[in-house]
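Trainee: Task: produce atomic coordinates for the following.
(4 chains)
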Number of protein chains: 4
Amino acid sequence: MRSLYNRIAGQNLDRLAALPDGVFAVAMTLLVLDLRAPAAEAIHSERELLDALLAIAPRLVPYLMSFLTLGIFWLGQQAQLDRLAKSDRDLAWMHIGFLCVVCLVPFSTALLAEFLTFRAALLVYWVNLLLLGLALLVTWRHAWRTKLIRDDTTSEVVDAICRRITIAQALYAVGAALCIISTYWSIAFIVLIQLNYALAPPWPSPRRRG
Amino acid sequence: MRSLYNRIAGQNLDRLAALPDGVFAVAMTLLVLDLRAPAAEAIHSERELLDALLAIAPRLVPYLMSFLTLGIFWLGQQAQLDRLAKSDRDLAWMHIGFLCVVCLVPFSTALLAEFLTFRAALLVYWVNLLLLGLALLVTWRHAWRTKLIRDDTTSEVVDAICRRITIAQALYAVGAALCIISTYWSIAFIVLIQLNYALAPPWPSPRRRG
Amino acid sequence: MRSLYNRIAGQNLDRLAALPDGVFAVAMTLLVLDLRAPAAEAIHSERELLDALLAIAPRLVPYLMSFLTLGIFWLGQQAQLDRLAKSDRDLAWMHIGFLCVVCLVPFSTALLAEFLTFRAALLVYWVNLLLLGLALLVTWRHAWRTKLIRDDTTSEVVDAICRRITIAQALYAVGAALCIISTYWSIAFIVLIQLNYALAPPWPSPRRRG
Amino acid sequence: MRSLYNRIAGQNLDRLAALPDGVFAVAMTLLVLDLRAPAAEAIHSERELLDALLAIAPRLVPYLMSFLTLGIFWLGQQAQLDRLAKSDRDLAWMHIGFLCVVCLVPFSTALLAEFLTFRAALLVYWVNLLLLGLALLVTWRHAWRTKLIRDDTTSEVVDAICRRITIAQALYAVGAALCIISTYWSIAFIVLIQLNYALAPPWPSPRRRG
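Mentor: Residues are numbered from 1 along each chain as shown, chains lettered A, B, ... in the order given. As a prediction, this is how the structure comes out:
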């Protein structure tokens, strides 16, 4: 039995959609704080500046990878919120939990950029991806179970969203496992998965990506 | 007697709800700036990186606690704003005052993360929680007294919101007092209070949490 | 004669109101980045932590002063935007110019917090206040001259907004001039002006604050 | 053939407009993080503080230039979003790609501020400008080709937007090329181009700026 307060809180869908916009915007921008201009004292010629810029260029890879990650999960969350007819307190909290994992992305990105060849850094990044997926799956299942979803949403759409998250997570897990060979393989594989989701090329068999 | 300017300022409810979304989003994301990747120079093996990561793991506790804090007070403020029929300049200023206290949360979290075993750090954190609660109580009472609340809001709801804030603050005070034994007890107790509010398990007696 | 592009750009009032919300939210939160937890290495007892916290306490004064500043000018800008019937490209650019000055507030606050007793720091802060006021005056006059303001806005309201900005700036100038005696007098006077605008106590003669 | 998920994602125009507001707001505010108050230890008199402030004054130039850049491209993106009747997943991703380039502006600004006289820093800044323009051109062409634009948008408007981006980029390229003489010439020229777009003075021949 719910207390009165719990029945009135967390019902505003506009606010529930606006907070993530802010969190994602800040997280996206913070990713770049990791890219720092080289210190002026150490640079005395164009040559040295070019060398210093080339030295920080590999950091662009985790930056772009995380931007893709944030883009994918922002779209994923907004696709869910778009489908809601109403919200409740529990759903609001699940989305706040999701945002809590989103806020960790700049940290795990900075860690990976600093330790590109270390499996521990890559696995931290993968756990972050895994938690993002799990959080979105939990929010969606709760919304479905407690009938918060708009009536015009067919069970086909509900399943498509679940399937998509599950397949993506299975692919990410394969990517993470590739770190047994080399972390570069993992990163390359994860970036390919993400480009696939971002670019969404029209594959011959549409089944494959739900 | 109010001047003309004061009668026309601070009336837009949409804007009054949008500013907090931004402030909370930034504050949530800044919490994580406190989690820093270890410096690459000190790390030479997977072992050392794992050890360095384990060493910063305890910092996740204040991070998660503050994320819960911000989530609770974001929902609390939005629940109030949802109930408003209109706003006035004084109410706008009270909400800005509340945001001023919200912006201090990353500071008091960083302080607590740095000094987990120091009572002074814990009490600073508790004062921050106390000010958050007081600010929300003041905004709500003002809204009620000056009839800014929507007509469909029963006095039962008005009281439920006041009661909830008061009980939560009483529990936080107990948590803070536990630092006489140990700051760990305080932190554990405060996290439990917050999980209780976030998860809102259906207690046998709904009276207890208003 | 306007080019086609210039006639279609910058017309969306919702967006013009949303960007400032974001800028003010970030600027407010960045103010606190100036408050840093003392370094753990230097602290070995509760006593030392308390001393370190007391040592950073004076920094709260410029923080609170700037929060008041940002609150006053956020309300001031939103009061203007609320009155607009439409927007044009020039007005959009004037508001972007205003935001450019808003973004300097965390810098001039950090400068003042670091150099509380230096007149140069205080004058930089005052120039920032002056530019904020001028920018708002320019946007408002442009909106009035080019008939972008809603029809239900009487010329009384238009004048009240201009008068308010002018009087506030005159008072800030007096506050800045007080630094001839001492920067503390200036800061105290400016904080009093701002509290007056924030709290808006009902003075006997409403004329005084327009 | 599109999968079901790809047909339902990224359709919400409100969200697609709100995320950029947040990203631009944070990027604008982060520009100023580059302006740092001088360290208190090195300053012992008003004279020394004034000298230190004058020493960081040249950094205001790249700051203002980038604020103009962000203002121009924020208006450019919003002008496009204003014209959309609907969105699709591909367009959402193109706008996310644009935001990815926007987030690099604080980095390339900090680089230029640190290395004002280095051609490498100027060229990095120019590449950033170029990518911003290309991204906006790509989003607009996609919106046009896939009929996402509102019916009341004449092909004259569609062309005006394309032409404007192309001419601006041609001028930026000329500005970048001027670094063969000196980076100061480049910066001065780019600032003039941007002031021209921001102030939009009524030139005798409106053709020139389309």
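Trainee: buried ones in the longest helix along chain A?
Mentor: Identified as the longest helix of chain A according to DSSP state H is helix A:119-145. Neighbour counts over helix A:119-145 (16 or more other CB atoms under 10 Å in any protein chain shown) mark A:119-126, A:128-133, A:135-137, A:139-140, A:142-144 as buried. Bear in mind the C-beta positions are built from the backbone N, C-alpha and C, glycine included.
Trainee: what about A:Phe107, distance to B:Leu192?
Mentor: 26 Å (CB to CB, to the nearest Å).
Trainee: Let me know the secondary structure of the residue of chain A found nearest chain D.
Mentor: The minimum distance from chain A to chain D, using CB to the nearest CB, falls at A:Ala25 (2.7 Å). Of the three states, A:Ala25 takes helix under DSSP: H, G, I helix; E, B strand; the rest coil.
Trainee: pLDDT at it, what is it?
Mentor: You'll see A:Ala25 listed with a pLDDT of 95.
Trainee: can you check A:Ile56 too?
Mentor: Listed pLDDT for A:Ile56 reads 87.
Trainee: Wait, it touches A:Val32, no?
Mentor: No: the criterion here is CB atoms under 8 Å, and A:Ile56 misses it with A:Val32 at 11.7 Å.
Trainee: re earlier: and the longest helix of chain A, what does it pack against?
Mentor: Here helix A:119-145 touches helix A:60-82, helix A:89-102, helix A:105-114, helix A:155-177, helix A:183-199, helix B:46-56, going by 3 or more CB pairs under 8 Å, 6 or more residues apart in numbering or on different chains; DSSP states H and E.
Trainee: rerun at 6 Å
Mentor: Applying 3 or more CB pairs under 6 Å, 6 or more residues apart in numbering or on different chains; DSSP states H and E, one finds that helix A:119-145 makes contact with helix A:60-82, helix A:89-102, helix A:105-114, helix A:155-177, helix B:46-56.
Trainee: residue ranges with poor pLDDT in chain A?
Mentor: Residue ranges of chain A with pLDDT under 70: A:1-8, A:201-210.
Trainee: and if we set it to 90?
Mentor: A:1-18, A:31-44, A:55-62, A:79, A:82-89, A:114, A:149-161, A:196-210 (pLDDT under 90).
Trainee: Show me which residues of it are close to chain B?
Mentor: Applying CB under 6 Å from any CB of the partner chain, one finds that chain A approaches chain B through A:1, A:3-6, A:9-10, A:12, A:15, A:18-19, A:22-23, A:26-27, A:93, A:96, A:100, A:103, A:107, A:110-111, A:114, A:118, A:120.
Trainee: which outside residues touch stretch A:12-21?
Mentor: If you take CB atoms under 6 Å, 6 or more residues apart in numbering or on different chains as the criterion, stretch A:12-21 is touched by A:Gln77, A:Leu81, A:Leu84, A:Ser87, A:Ala92, B:Asp21, B:Ala25, B:Gln78, B:Asp82, D:Ala18, D:Leu19, D:Gly22.
Trainee: In contact with the second one, which residues are there?
Mentor: Yep, that's A:Leu81 we're talking about. A:Leu81 makes contact with A:Ala17, according to CB under 6 Å, 6+ apart.
Trainee: if I look at it, how far off is chain C?
Mentor: Look at A:Leu81 and chain C: by CB to the nearest CB, to the nearest Å, they are 18 Å apart.
Trainee: repeat for the last one
Mentor: The spacing between D:Gly22 and chain C, counted by CB to the nearest CB, is 5 Å.
Trainee: do the first one as well
Mentor: Between A:Gln77 and chain C the computed distance is 19 Å (CB to the nearest CB).
Trainee: ok, now the third one?
Mentor: As defined by CB to the nearest CB, A:Leu84 lies at a distance of 22 Å from chain C.
Trainee: need the contact list for that residue.
Mentor: Shown in contact with A:Leu84 (CB under 6 Å, 6+ apart): A:Leu13, A:Leu148.
Trainee: quick one, phi/psi of it?
Mentor: With angles defined as degrees, to the nearest 10, A:Leu84 sits at phi -80, psi 140.
Trainee: again, but for A:Ile149
Mentor: Torsion angles, degrees, to the nearest 10, at A:Ile149: phi -90, psi 150.
Trainee: was I right about A:Met28 contacting A:Gly71?
Mentor: No: at 8.2 Å, A:Met28 does not count as touching A:Gly71 under the criterion of CB atoms under 6 Å.
Trainee: Specify which residue of these two has the higher count of neighbours.
Mentor: The residue with more neighbours, out of A:Met28 and A:Gly71, is A:Met28; 28 against 24, by other CB atoms under 10 Å in any protein chain shown.
Trainee: Good, wrapping up.
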